[in-house]
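**Student:** sequence and predicted structure below; questions after.
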Amino acid sequence: MTPEKYRELGLTGEQVRDMYRLMVLARELDKRTWLLNRAGKIPFLVSCQGHEGAQVGAAAALEVGTDLLCPYYRDIAMVLAFGMTPTELMLSNFARAADPNSGGRQMPGHFGSRRLGILTGSSAVGTQITHAVGAALAARMRGETTVVMTCFGEGSGNQGEFHEAANFAGVHKLPVIFFCQNNRYAISVPLEKQVGGGSIAARGQGYGMPGVRVDGNDVLAVYETVRDAVLRARQGEGPTLVEAMTYRLVPHSSDDDDSTYRSREEVEAAKRDDPLLRFGRYLRNVGVMTEADQEALLQKTLAIVDAAVSEAEAAPSPAPESTLEHVYAATREEH
Amino acid sequence: MEIEINMPQLGESVTEGLVNRWLVKPGEKVVRDQPLCEVVTEKVNAEIPASHAGVVQDLAAGEGDIIPVGQRLCTLFTDESGEETGVEPDHSPGHKPEDSEPSVQQDRSQKLRYSPVVLRLADEHGLDLKAISGTGTGGRVTRKDVLAAAEMANEPASESSPAPPGALPLPDENQEQRVEHRTVDPIRRMIAERMVRSATTIPHAWTVMEADVTDLVAFRQKVKNRFFNQEGVRLTYFPFFVQAVIKGLQEYDQLNASWHQEHIHQHRDVHVSLAVATDKGLLVPVIHQANRLSLTGLVHAMDSIIKKARAGKLTPDDVSGGTFTVNNTGAFGSVVSMPIINPPQSGIVTMEAIVKRPVVIDDMIGIRSMVNLCFSFDHRIVDGAVAGQFLQSVCRHLQVMARESSF
Amino acid sequence: MAVKNYIEAITDALALEMRRDERVFVMGEDVGVRGGVFRATAGLLDEFGPQRVLDTPLAEAGIVGTAIGAALNGMLPVAEIQFVDFILPAVNQIISEAAKIRYRTAGDFHCPIVIRAPYGGGVHGALYHSQCLEALFTHVPGLKVVTPASPYDAKGLLLSAIRDPDPVLFFEHKRCYRLLKGDVPADDYTVPIGKVAVRREGSDITVFSYGLMLHFCQEAAEDLASEGISVHLVDLRTLLPLDRESILAAASRTGKALIVHEDNKTHGIGAEVAALISEEVFFDLDAPIMRLCGPDVPAMPYSSPMEKYYMLDQKKIADKMRELAAF
């Protein structure tokens, strides 16, 4: 990263500080969730640690409020960038009634909010990729400039739905960003056993779209790549496949033990390339933030996380009998 | 081999028959075509013949039992084997080969197997199920059997069944004793069931028109003696009326039709059903292709079928195939009636009594012979406009008939 | 009133609703220039253009997933799966996604898609162009499964399906397409989803059916009427959600219930209808509940004698009706 990089990209100091803020917030929320899980307060989590750079960089290239997101379960920083609040994420972790994602029905990490333009997803990986194509189709039919971003791991890049969606978008030149966050492991299965040819990006060519591989731990590089893809999409030039290379710094989920499939040395080496450390260092180097600024941000963030946990923990659970609700429309008024 | 004798279909729309009297006993040897029993239906009385020579094994129905069409009446044992007679074994479900093997007793094997609804209804109506004869497979007592038994038990406020809790005591015992309990005879019960079915399933619409038959009365007066001398039959007003109806039906053939749920059957010929009062009850014989008969031909046809009906000699053919019913209610002095349709026909017209009345014609009052025609029709088949036009047409024909008839 | 066949009624409904509501569009394999392999979308491309009559790549999960995405973003897609036999690649989208979207978001999102698919046999379609797969989906709360049996219902139910805020699987019996003709009003009308239709009133036995088999039942019931057996015939029309009250009332009416369907017997619609009746109106029953269904073999063979053996017909149904009536 050259010192002037962020300015060359047209970003302001305030914008890059805010990107850093989101990364810190995502990281601290994630770390707290692990503590809550190990303390027996929440039964399950999936982690985003290590992905914050890719997610925040990509989200910064989108227009929140106009563009849509079909996320996957690791997109904590991404949905924070789209406007979800720490309290809302904690309500989801505690499965409270006020959880805007699902009212406590889905596991944590299953994001969805009509208000924020985040389309709901399931645990069946890859299904959301076709939804992004459909949402883009709908936007284009109405003549809107909306771009739809969909995220998935490299494992999901093998699902039929990835291929069907990419092909559909390629045929119809739809405004979709296929954003693969390649962290080299689909739970325990490493990239070389997961992806023929080793590259998800290379698959773009087969579906009539550019496939770009980018360093996912370099926030500004991701921003630049996705910004170009968004520009193409808005100009009607069709979809782009972006493969952001990153690393999951912790186990896949609270139920996983990554020491069974990867060495501690490998994980420690990856931590030295932690996008949060890299971006923090960069911001200090270019003089956008001082160490004291960053320490103050951290303290402020921890207070936000504390408040979110307290509020969510105190919030009521859904009424048991509400289990029977929302199977079908109660009335016909929605149409 | 065993041969089942089943309740035959005695006339269309007949769904069951009442076993009036057995003419044979179990163990009796019978020759082919020998009458086995008398069966009474709402349309005909018939003797059921033996289809084969053999020995009567058992009687599956008691006297007074109502047996659905197709259900077993009795079984004959013949010396012949199935192959020799060329009788097709029955492979329809419920008549599996192994079912026909068991002996007489096993045929009643389901007699004591009661379904949930049968137990519930028997309990609700306080009925003894063993006393009810079953019409189901293996003699099983069906829901319908229980309902029928309950209906019968309800009629003469039964002494045997305890009064339901909270029931009011009868107001006056003497009054109760003044009620005579008359058993419903088979024909009466069949008429009752048929009337209920018609009245509850057909949307009856009703209309009345009057016809001026002064000319017809004069005409009949003039020719009736000559007619009797020539034809040997009395000339009444009824055949004129029937012919007028036939002509009306030919003009408005939508009414010469019958209702079959998904379809309306439109008939080319008019087969007139005549409502005939007999001392045993109402019978409705049919004059087939009445539209092809002259008035004289119609008089003869009506005379002979009515005589046959009163003598109790109607055959199944005589009572089936009617497309429309006419009724001479005027014969017993009625001037207005609301007839009940004979399903699946579209309608029924009555001829009421001919009476002299003062009538205004061209602003003058004259004494005219007038008759009311009352018409009930199935509103599913036609609407009021067509029905009205038809009845007007019948009136018109009746009014001019004297001029057009010649003997 | 115009007499139309079943498939014309489908086209009629699609065109009517596309004119009425700009959010409605059709998508699927060969729906555009070809007008659908059965011609259900014939003429739509000319009237509405390629944006709203969308020929898709041959990939069923993609078709349904894309439809879901469009619905989540405000459209009302009607996706066609060319034969129900090929819906299986899309089952993940239908069951994991469409059926659960309202539930998993506590009502924040809903998924107003219609998936049309021809089904059923008796057309020499062999194993993979003859299947009845409705029972796979009727086990899935959140879906609606509709199987019209007449041109009138085909149009009225399809209009209801498109206007329904929840995902509807609309299964059209392909043998009905040109076999059935009937009065279809040109104007806008709907037939409610979730309501049976009594096709024939009767007093001896109650028969439940749907789709092509309903017609065979109707013919069989007419045969039986001449024998004096009165059949109460109920067209289920919607298989999910079931019209519980009407089913129970119809079963109680005669105390003898028979369910007839072309789909194979085990775990089929008949099992659910039978269970419902025995749970709720046991004390109205006068006979064991009977089922007459396709055989429990994987699918329908191509050979004509084998296909005939597999398929129910008027005679097989009439025989079963007699058996129940006699009980």
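**Tutor:** The structure has been received and is ready for your questions. Residues are numbered from 1 along each chain as shown, chains lettered A, B, ... in the order given.
**Student:** downstream neighbour of the longest strand anywhere in chain C in the secondary structure list?
**Tutor:** In chain C, assigned by DSSP state E, the strand with the most residues is strand C:257-264. Remark: after strand C:257-264, the chain's next helix or strand is helix C:269-280, criterion DSSP states H and E.
**Student:** for that following helix, what is the average pLDDT?
**Tutor:** Averaged across helix C:269-280, the pLDDT comes to 98.
**Student:** buried residues of that helix, list them for me.
**Tutor:** C:269-274, C:276-277 (16 or more other Cβ atoms under 10 Å in any protein chain shown). (C-beta placed from N, C-alpha, C; glycine too.)
**Student:** do stretch B:255-267 as well
**Tutor:** B:255-259, B:261, B:264, B:267.
**Student:** next: stretch A:6-26.
**Tutor:** A:6, A:9, A:11, A:16, A:19-26.
**Student:** make CSV from these and add distance to residue B:113 to it.
**Tutor:** Formatted as CSV, the buried residues of stretch A:6-26 follow (distance: Cβ to Cβ, whole Å):
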residue, distance to residue B:113
A:6, 88
A:9, 86
A:11, 86
A:16, 85
A:19, 80
A:20, 82
A:21, 80
A:22, 76
A:23, 77
A:24, 78
A:25, 74
A:26, 72
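**Student:** which of those residues sit farthest apart?
**Tutor:** Greatest spatial distance in the buried residues of stretch A:6-26: A:9 and A:25, 22.0 Å, computed using Cβ to Cβ.
**Student:** follow-up on the earlier one: which single one of the buried residues of stretch A:6-26 is nearest to chain C?
**Tutor:** residue A:26 (22.4 Å; Cβ to the nearest Cβ).
**Student:** does the closest one touch residue A:84 like I think?
**Tutor:** No - contact criterion Cβ atoms under 8 Å: residue A:26 and residue A:84 do not qualify, at 10.6 Å.
**Student:** quick one: contacts for residue C:16?
**Tutor:** C:159, C:188 (Cβ atoms under 8 Å, 6 or more residues apart in numbering or on different chains).
**Student:** TSV for the buried residues of helix C:269-280, including distance to residue B:392?
**Tutor:** As requested, the buried residues of helix C:269-280 are exported to TSV (distance: Cβ to Cβ, whole Å):
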residue	distance to residue B:392
C:269	53
C:270	54
C:271	58
C:272	56
C:273	51
C:274	55
C:276	54
C:277	52
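**Student:** closest to residue C:37 among those residues?
**Tutor:** residue C:269 (26.6 Å).
**Student:** pretty sure that closest one contacts residue C:134?
**Tutor:** Yes - checked against Cβ under 8 Å, the pair residue C:269 and residue C:134 is within contact range at 6.6 Å.
**Student:** okay, and the common contacts of the two?
**Tutor:** With Cβ under 8 Å, 6+ apart as the test, residue C:269 and residue C:134 both reach C:239, C:263.
**Student:** now do the same contact list for the residue most central in space within chain C.
**Tutor:** Centroid-nearest residue in chain C, with Cα atoms, centre = their mean: residue C:147, separated by 1.5 Å. Neighbour list for residue C:147: C:134, C:171, C:173, C:210-211, C:236-239 [criterion: Cβ under 8 Å, 6+ apart].
**Student:** could you identify the most distant pair in those?
**Tutor:** C:173 and C:238 (14.6 Å).
**Student:** for chain C, what's the nearest residue on the stretch 201-350 of chain B?
**Tutor:** For the stretch 201-350 of chain B, Cβ to the nearest Cβ, closest residue to chain C: residue B:261, 5.2 Å.
**Student:** returning to that earlier point: ok, the residue nearest to the centre of chain C to chain A distance?
**Tutor:** Distance of residue C:147 to chain A, given as Cβ to the nearest Cβ, to the nearest Å: 18 Å.
**Student:** in the stretch 101-250 of chain C, which spans are helices?
**Tutor:** For the stretch 101-250 of chain C, the helices defined by DSSP state H, counting those that start in this stretch cover C:101-104, C:134-138, C:151-163, C:176-179, C:212-226, C:244-254.
**Student:** quick check: which of those is nearest to residue C:119?
**Tutor:** Counting by Cβ to Cβ, residue C:119 lies closest to helix C:134-138 out of the helices of the stretch 101-250 of chain C; the figure is 7.2 Å.
**Student:** pretty sure residue B:339 is touching residue B:348, no?
**Tutor:** Yes - at 4.4 Å, residue B:339 counts as touching residue B:348 under the criterion of Cβ under 8 Å.
**Student:** compare the two (neighbour count), which wins?
**Tutor:** Shown here are residue B:339 and residue B:348; by other Cβ atoms under 10 Å in any protein chain shown, residue B:348 has more neighbours (25 against 19).
**Student:** any idea what that one is bridged to?
**Tutor:** residue B:325, residue B:376 (DSSP bridges).
**Student:** now do the contacts for it.
**Tutor:** B:275, B:324-327, B:339-342, B:375-376.
**Student:** what do you get for residue B:326?
**Tutor:** B:241-242, B:245, B:272-275, B:348-351.
**Student:** now, among those, which is nearest to chain A?
**Tutor:** residue B:348 (47.6 Å).
**Student:** need the pLDDT of that closest one.
**Tutor:** At residue B:348, pLDDT is 95.
**Student:** how far away is it from residue B:190?
**Tutor:** Plainly put, residue B:348 is 18 Å away from residue B:190 if you go by Cβ to Cβ, to the nearest Å.
**Student:** host element of residue A:277?
**Tutor:** helix A:275-285.
**Student:** using PDB, write out every CA atom in that helix.
**Tutor:** The C-alpha atoms that make up helix A:275-285 are tabulated as PDB, following Å, rounded to 0.1, in the frame of the first residue of the first chain:
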ATOM      1  CA  PRO A 275      -6.000  -7.400   7.800                       C
ATOM      2  CA  LEU A 276      -6.900  -5.500  11.000                       C
ATOM      3  CA  LEU A 277      -3.300  -5.100  12.000                       C
ATOM      4  CA  ARG A 278      -2.300  -4.300   8.400                       C
ATOM      5  CA  PHE A 279      -4.900  -1.600   8.000                       C
ATOM      6  CA  GLY A 280      -4.200  -0.100  11.500                       C
ATOM      7  CA  ARG A 281      -0.500   0.100  10.600                       C
ATOM      8  CA  TYR A 282      -1.300   1.700   7.300                       C
ATOM      9  CA  LEU A 283      -3.500   4.300   8.800                       C
ATOM     10  CA  ARG A 284      -0.800   5.200  11.300                       C
ATOM     11  CA  ASN A 285       1.800   5.300   8.600                       C
END
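**Student:** I'm done for today, thanks for sticking with me.
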